[in-house]
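Chemist: fold the stuff below for me.
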Amino acid sequence: MKLTALSLLLPLAAALPNQIVLDNPLAEVQEAILDGAHRVHQKLESWFADGREWVEKNGVTYELVTHPEFPEYSIRVKEPTLCDPSVQQYSGYLDISDGKHLFFWFFESRSSPASDPLVLWLNGGPGCSSITGLLFELGPCSVSSEGTNTTYNPYSWNSNANVIFLDQPVNVGFSYSDDGTGVSTSPVAAEDVWTFLQLFVHRWDKYSKLPFHISGESYGGTYLPNLAHVIHAHNKEVASSPASFASKKITKLNFASILIGNGLTSPIVQFPAVAEYACEGPYPVFEKDGPECQSLYSKIPTCVRLIDSCYKYNNRLTCVPAGIYCWSQMYGSFQQLGLNPYDVRRTCDREKDGSLCYEELTWIETYLNDDGNKAELGVDTQRGYQGCNMDVNRAFFSQGDSMHDTAALLPPLLEDGIRLLIYAGNADFMCNAIGNLEWVVALENKYAPEFRNQSNTPYVALTSGKVVGEVRSAGGGGVGAGNLAYVQIYEAGHMVPFDQPEAALDMFTRWISDVPLTLNVEETQEVNMDAIPFLGW
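Modeler: The predicted structure follows:
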């Protein structure tokens, strides 16, 4: 199975049924027994100096972060100066006693670290590194010169936010497991991320009360609702007994919102939209009345029926066949066109552009496999970096993870005041803008009537005054960005911050600052612009 998506579960070519083999039931039983055993990695000897605990591993000295309530977890920390030495950085690993190690890289805000929000960014795949998002899309620097250097990114999302990039699940990017085993479902992966966040804010308490947002793209549309559900559930536990949890030093995160870009969240709505986008979208790839379009539309009923069965029974026997059919049948004909599935305006020559259609992604691997850069980040120089891990991809696919209805996890969050922004570049074929709007419209929640009774309006970037997309929002009473919002960005593909960095930063900053997304340039004359953070350009 070959991965051809930067941030999506299944590649176009990998969806063919004869390439899918269900797991051996006996092997699953043996694995369950192994998972039930207590696997403890070698305990590292630590020492105290300057009021902090330290540890050495593979010749690298790290600060060691622990938490009394999570004895199975610890964080090893370095303070690198790569990418943007003008801001405080932390990088290193969350170490888990079952032998899992999750890599992270954190950047403080360029503006006001003490008051700007804390943001977590996750790329998708599953199996693709979030450091790709850092160095290719929205981080403080971009890899240049074929991987030998970096350039300053004036449109970085840490312009007005403290941003954590986390390689999860295990075995993605620089993350690894001692015995090679990992996780294969989004709910399991989410629990590790929540614990990481607890250790992070325990060590750096100054971020613990800041508004906290989780963000990501593509398969992040599956990861993030699961993670949001876990954070919300734990927050409710803490709120139910604040004194008890305070004594345990467990933090109720100030969970503010979820941002998902070109995500896969509601398969039963989004897969049928593939035909509409391919034949009638802003960049149609087939003739509307041609045989390819007739074939695509004819396959929708079977795809929907299989996904509905997955939703109803929620097991591998129903969800894996749905994945096999829908991925292969709805995306298969696109493969013959020689186009970039993440931006249909572009052709893709994989000999020249790489397997993911962007040669810059090969530069990132060159940069991160440099021994000096690895050492600076606290990574064992013997450990190689790979942008996407196909073993992780296969493991998630073999569980039918991509066919689950993660949109169903969102209404309770909206009910409790956690805001949701769905955005999409209109040139993306893989998780297209049409399907993303359609599933938000279909989502049953307290803001649904208001959202459905509106139409999209022009999205105007505040600084340039240009129309850069379309927007629709509900909630907020007209004085904020809303509780439920959708933004379509024009002339952008799957990776919106890469294609339209100014528009992406404008949208992100307005959202986390709770500034109306529907505001136009004339209306800014009536607003106190001093209250809106400088967007960084």
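
Chemist: and Asn483, what does it touch?
Modeler: If you count contacts by C-beta atoms under 8 Å, 6 or more residues apart in numbering, Asn483 has them with 414, 417, 419-420, 447, 473-476. Every C-beta, even on glycine, is put in place using the N, C-alpha and C of the backbone.

Chemist: actually Lys288, not the one I wrote
Modeler: Counting by C-beta under 8 Å, 6+ apart, the residues that Lys288 touches are 279-280.

Chemist: tell me how far it lies from Asn426.
Modeler: Going from Lys288 to Asn426 by C-beta to C-beta, to the nearest Å gives 18 Å.

Chemist: since we're on the spatially closest residue to Phe104 that is not a sequence neighbour, how many residues are nearby?
Modeler: Nearest residue to Phe104, sequence neighbours excluded (C-beta to C-beta, 6 or more residues apart in numbering): Leu166, at 4.7 Å. Using other C-beta atoms under 10 Å, Leu166 has 27 other residues around it.

Chemist: again with the one 10 residues further on
Modeler: Residues near Tyr176, counting by other C-beta under 10 Å, number 22.

Chemist: ok, it to Cys83 distance?
Modeler: 22 Å.

Chemist: swap in Ile96?
Modeler: 26 Å.

Chemist: and the strands in the stretch 101-250 of the chain?
Modeler: 118-122, 141-144, 149-152, 162-166, 176-177, 212-217 (DSSP state E, counting those that start in this stretch).

Chemist: next one: the stretch 351-500 of the chain
Modeler: 419-425, 457-460, 467-474, 484-489.

Chemist: tabulate those (a markdown table), appending distance to Pro225.
Modeler: Formatted as a markdown table, the strands of the stretch 351-500 of the chain follow (distance: least, C-beta to C-beta, whole Å):
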| stretch | distance to Pro225 |
| --- | --- |
| strand 419-425 | 9 |
| strand 457-460 | 24 |
| strand 467-474 | 18 |
| strand 484-489 | 14 |
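
Chemist: so can I have TSV of the ones you listed showing mean pLDDT and distance to Ser241?
Modeler: Below are the strands of the stretch 351-500 of the chain laid out as TSV (pLDDT from 0 to 100; distance: least, C-beta to C-beta, whole Å):
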stretch	mean pLDDT	distance to Ser241
strand 419-425	98	26
strand 457-460	96	43
strand 467-474	97	34
strand 484-489	98	31
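
Chemist: now mean neighbour count and distance to Ala442 too, for these, in CSV please.
Modeler: Formatted as CSV, these follow (neighbours: other C-beta atoms under 10 Å; distance: least, C-beta to C-beta, whole Å):
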stretch, mean neighbour count, distance to Ala442
strand 419-425, 27, 12
strand 457-460, 18, 20
strand 467-474, 22, 14
strand 484-489, 26, 12
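
Chemist: find the least confident helix or strand in this protein, judged by mean pLDDT.
Modeler: helix 25-36 (a mean of 35; mean pLDDT, DSSP states H and E).

Chemist: so after that one, what's the next helix or strand?
Modeler: strand 46-49 (DSSP states H and E).

Chemist: can you name the element that comes right after that following strand?
Modeler: Downstream of strand 46-49 (by DSSP H and E), the next one is strand 52-57.

Chemist: and the helix or strand following that next one, what's buried?
Modeler: Per DSSP H and E, the first helix or strand lying C-terminal to strand 52-57 is strand 60-66. By neighbour count on 16 or more other C-beta atoms under 10 Å, the buried set for strand 60-66 is 60, 62-66.

Chemist: on that earlier part again, any idea how far the residue nearest to Phe104 lies from Glu359?
Modeler: For Leu166, the distance to Glu359 - C-beta to C-beta - is 26 Å.

Chemist: ok, Asp116 next?
Modeler: Distance from Asp116 to Glu359, by C-beta to C-beta: 34 Å.

Chemist: repeat that for Met430.
Modeler: 19 Å.

Chemist: what residues are up against Leu443?
Modeler: So, once contact is read as C-beta under 8 Å, 6+ apart, Leu443 ends up touching 266, 407, 410-411, 484.

Chemist: need these in JSON lines with distance to Asn436, can you?
Modeler: Output for the contacts of Leu443, formatted as JSON lines (distance: C-beta to C-beta, whole Å):
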{"residue": "Ser266", "distance to Asn436": "9"}
{"residue": "Ala407", "distance to Asn436": "11"}
{"residue": "Leu410", "distance to Asn436": "13"}
{"residue": "Pro411", "distance to Asn436": "17"}
{"residue": "Leu484", "distance to Asn436": "13"}
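
Chemist: which helices and strands does the longest helix seen in the chain pack with?
Modeler: For the chain, the helix with the greatest residue count under DSSP state H is helix 291-313. Contact analysis of helix 291-313 by 3 or more C-beta pairs under 8 Å, 6 or more residues apart in numbering; DSSP states H and E lists helix 267-270, helix 272-280, helix 316-331 as its packing neighbours.

Chemist: so for the first one, mean pLDDT?
Modeler: In this case it means helix 267-270. Average pLDDT, helix 267-270: 98.

Chemist: for Val193, what are its contacts?
Modeler: 102, 120, 166, 168, 227, 230.

Chemist: try 6 Å
Modeler: Contacts for Val193 (C-beta atoms under 6 Å, 6 or more residues apart in numbering) come out as 168, 227.

Chemist: how many neighbouring residues does the closest residue to Gly476 other than its chain neighbours have?
Modeler: Excluding its sequence neighbours, the residue lying closest to Gly476 (C-beta to C-beta, 6+ apart) is Gly482, at 4.3 Å. The burial count assigned to Gly482 is 26, neighbours taken as other C-beta under 10 Å.

Chemist: and Gly482, how far is that from Gln399?
Modeler: Gly482 is 34 Å from Gln399, by C-beta to C-beta.

Chemist: tell me which of the contacts of Asn483 is nearest to Asn456?
Modeler: Among the contacts of Asn483, Ser473 lies closest to Asn456 (C-beta to C-beta), at 10.2 Å.

Chemist: my guess is that closest one meets Ala485, correct?
Modeler: Yes. Using C-beta atoms under 6 Å, Ser473 is in contact with Ala485, at 3.8 Å.

Chemist: picking that back up, neighbour count winner among Asp116 and Glu359?
Modeler: Asp116 (23 against 12).

Chemist: my guess is the more buried one contacts Val163. True?
Modeler: No. Using C-beta under 6 Å as the test, Asp116 is too far from Val163 to be in contact (9.6 Å).

Chemist: which of Ile96 and Cys83 has more residues huddled nearby?
Modeler: Set side by side, Ile96 and Cys83 show more neighbours around Cys83, with 26 against 21, by other C-beta under 10 Å.

Chemist: isn't that one right up against Val143?
Modeler: No. Using C-beta under 6 Å, Cys83 is not in contact with Val143, being 9.4 Å away.

Chemist: could you measure from the residue sitting nearest the centre point of the chain over to Phe107?
Modeler: Taking C-alpha atoms, centre = their mean as the criterion, Gly216 is the residue nearest the geometric centre of the chain, at 2.6 Å. Distance from Gly216 to Phe107, counting by C-beta to C-beta: 16 Å.

Chemist: can you show me the helices along the stretch 151-300 of the chain?
Modeler: 186-203, 220-240, 242-247, 267-270, 272-280, 291-313 (DSSP state H, counting those that start in this stretch).

Chemist: try the stretch 401-537 of the chain
Modeler: Secondary structure of the stretch 401-537 of the chain (DSSP H, counting those that start in this stretch): helices located at 411-415, 433-442, 448-452, 496-499, 501-512.
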